[in-house]
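**Student:** Make a model of this:
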Amino acid sequence: MAKQNTIANGRLWKEIVRHRSIYAIMLIPVVYYIIFKYVPIWNGQIAFKDFSARKGVWGSAWCGLDNFKQFFSSFYFWDLLRNTLFYSFGKLLISVPLSIILAVVLYESPRKYLRPIVQTLSYLPHFLSWVIIYGVLLALLAPGDGVVNDIIKMFGGKPIDFLTNTETFPWIVLLSDAWKEMGWSAIIFIAALMGIDPSLYEAAMVEGATAVQRTWYITLPSIKPVIATVVLLRLGTILDAGFNQMFMLYSIPVYDVADIIDTWVYRQGLLEFQFSLATAVGVFKGIIGMCLVLVSNKLVKKISDTTIL
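**Tutor:** Numbering: from 1, shown residues only. I've put the predicted structure just below:
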């Protein structure tokens, strides 16, 4: 038995040496995750400490759940939670249907030569940073010389400062995110549509079904498991409302409707140096996200007989 194990280990080692270049490449992401993902988890203990940069992680005194209590009892807690959930669910309810519609339109389009052009144009915004998109929004919506306000003034209306108006700002956030991510999110739905049996459409056309009927009775039911999986996966990150976008767009006049958990953590942790409090909020988000992913996994398994874990 020992001899067989020795021979097996020798063969394994030879295979590793033989394919050492592949294993070397695989080692890069492993090292990255260890250094930047797993090591910081250990330092997450400062969520339960009164952290002092002078004393360090180990020397700081334990304070139990005081940081969590401070966050939950904060004057801003309910506003932060409301805004975060509003933008997260709003983006989910707008971007997913638009992505499905775009995917179906591209798939059903009779002009096949237009498909790659439209796909490319719809994917491009995903690769733009929010700095560039903020510049585009400013050029369109600025109260002084923005294109939209120029049109409003042309018809005798008064200019609107969209980015500092508490009524218009949430819609700017939701629609700009949908525009940026719609094309990229449609990729997975297009891939699912490619797996539908074409004979189903042929039979439906023989029976006289219209394009809308084919979409409603064949296309959507066929990709139902994929839609459910995408939606449930998004629930795992429901407390991530998009820090980069909000950080670029929000300002003091719209704090009431724009301040989310991530932006508050940024101010408390990096601007006011309350690292323990900021870490406690991060731990809270992580626990909620993990629970939602586990629940999503069970729901996906019931819907599509597959798991995401």
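
**Student:** For stretch 219-235, buried residues please.
**Tutor:** 219, 223, 226-230, 232, 234-235 (16 or more other C-beta atoms under 10 Å). From N, CA and C alone the C-beta is placed, and that goes for glycine too.

**Student:** Make TSV from those and add distance to residue 143, secondary structure and pLDDT to it.
**Tutor:** Formatted as TSV, these follow (distance: C-beta to C-beta, whole Å; DSSP: H, G, I helix; E, B strand; the rest coil; pLDDT from 0 to 100):
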residue	distance to residue 143	secondary structure	pLDDT
219	43	helix	86
223	43	coil	86
226	43	helix	85
227	40	helix	85
228	43	helix	81
229	43	helix	80
230	38	helix	83
232	41	helix	79
234	34	helix	81
235	37	helix	78
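
**Student:** could I get the residues you listed as a markdown table with distance to residue 13?
**Tutor:** What follows is those, written out as a markdown table (distance: C-beta to C-beta, whole Å):
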| residue | distance to residue 13 |
| --- | --- |
| 219 | 52 |
| 223 | 46 |
| 226 | 42 |
| 227 | 47 |
| 228 | 45 |
| 229 | 40 |
| 230 | 42 |
| 232 | 42 |
| 234 | 44 |
| 235 | 44 |
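
**Student:** and of those, the nearest to residue 156?
**Tutor:** residue 234 (42.7 Å; C-beta to C-beta).

**Student:** distance of the closest one from residue 71?
**Tutor:** Using C-beta to C-beta, to the nearest Å, we find residue 234 at a distance of 24 Å from residue 71.

**Student:** Residue 123 too?
**Tutor:** Distance from residue 123 to residue 71, by C-beta to C-beta: 38 Å.

**Student:** related to what we said a few turns ago, and the buried residues of stretch 219-235, which is closest to residue 105?
**Tutor:** residue 219 (10.9 Å).

**Student:** how deep is the closest residue to the closest one other than its chain neighbours tucked in, by neighbour count?
**Tutor:** Once flanking residues are discounted, residue 219 sits nearest to residue 104: 5.9 Å by C-beta to C-beta, 6 or more residues apart in numbering. Residue 104: 20 surrounding residues under other C-beta atoms under 10 Å.

**Student:** give me the element residue 104 is part of.
**Tutor:** helix 77-108 (DSSP states H and E).

**Student:** tell me the average confidence for that helix?
**Tutor:** Taken as a whole, helix 77-108 carries a mean pLDDT of 90.

**Student:** Next, the buried residues of that helix.
**Tutor:** 79-80, 83-84, 86-88, 90-92, 94-96, 98-100, 102-104, 106-107.
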